[in-house]
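Asker: Dropping the sequence and predicted coords here.
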Amino acid sequence: QLVIKGFSVPLNLQNAILYTFGALLSVLIFLYKPTKEEEKGFFEGYGWLALGLIFFQALHGLAVSFVYKHADAIVKNFANSSVMAVLVVISAYFFGLEMNLHSALAVVIIIITTYIYMGIATAPPPPPAGTSGESKAAGEPAETRKALVDALSEDDEDSV
């Protein structure tokens with residue numbers, strides 16, 4: 001996350017560099033491996049399902065780097081948890097996976113925590129017009145709060 005956010009290089013260029021080094025390393029390892037009597041192709045034994053999985057894993061890597069660039073690791077973890085919850089429900093509905101109490105509670109907990117964390121449930125209403133100088137929490141003007149913060153900062157500097 002620090003590497004992705006720390007550079008001013010565009011995200012697509014960062015991904016291209018990362019995937020280029022990964023592809024070069026894979027090719028070097030493939031060329032180095034000892035040959036057997038029977039030479040097989042690079043994708044020998046891969047079916048459409050395996051190729052689709054590789055393709056979607058590459059897309060997942062791009063999506064993760066996008067999330068790291070524009071959000072943070074916590075958002076990525078919430079997204080992964082949400083995907084797991086959705087997959088449990090889809091598996092139960094389409095593939096007959098038996099959902100027990102633990103699975104159902106996990107889905108509910110993931111949905112509730114994601115809802116709360118993303119601020120949908122706790123988003124404060126916009127302030128009414130003409131009250132921009134008042135602090136809603138303390139009920140005092142913003143200038144008084146600023147003076148108090150400055151005074152506390154000076155006390156901290158004096159104690160050091």
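Answerer: In hand now; what should we look at?
Asker: all contacts plus neighbour counts: C-alpha atoms, from now on.
Answerer: Fine.
Asker: For residue 47, see how far away residue 53 is.
Answerer: 10 Å (C-alpha to C-alpha, to the nearest Å).
Asker: before we move on, what about residue 113?
Answerer: Using C-alpha to C-alpha, we find residue 113 at a distance of 39 Å from residue 47.
Asker: neighbouring contacts of stretch 103-111?
Answerer: 81, 82, 85, 86, 88 (C-alpha atoms under 8 Å, 6 or more residues apart in numbering).
Asker: Let's see which of those end up in helices.
Answerer: Those of these mapping onto helices are 81, 82, 85, 86, 88, per DSSP state H.
Asker: Adding distance to residue 17 as columns, could you present these in TSV?
Answerer: Putting the ones in helices among the contacts of stretch 103-111 into TSV (distance: C-alpha to C-alpha, whole Å) gives the following:
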residue	distance to residue 17
81	29
82	30
85	33
86	33
88	35
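Asker: Let me know the closest of those to residue 74.
Answerer: residue 81 (10.5 Å; C-alpha to C-alpha).
Asker: List the contacts of that closest one.
Answerer: The neighbours of residue 81, taking C-alpha under 8 Å, 6+ apart as the test, are residue 110.
Asker: From residue 115, how far out is residue 62?
Answerer: Distance, residue 62 to residue 115, by C-alpha to C-alpha: 24 Å.
Asker: Neighbour count for those two, which is higher?
Answerer: Per other C-alpha atoms under 10 Å, whichever of residue 62 and residue 115 has more neighbours is residue 62, with 17 against 14.
Asker: nearest spatial neighbour of the more buried one, skipping sequence neighbours?
Answerer: Take residue 62 and drop its neighbours on the chain: the residue closest to it by C-alpha to C-alpha, 6 or more residues apart in numbering is residue 15, 7.2 Å away.
Asker: That neighbour against residue 64, yeah?
Answerer: No - with contact defined as C-alpha atoms under 8 Å, residue 15 and residue 64 do not form a contacting pair (10.6 Å).
Asker: which outside residues touch the strand or helix carrying residue 31?
Answerer: Using DSSP states H and E, residue 31 maps to helix 11-32. For helix 11-32, the external contacting residues (C-alpha under 8 Å, 6+ apart) are 4, 62, 65, 66, 69.
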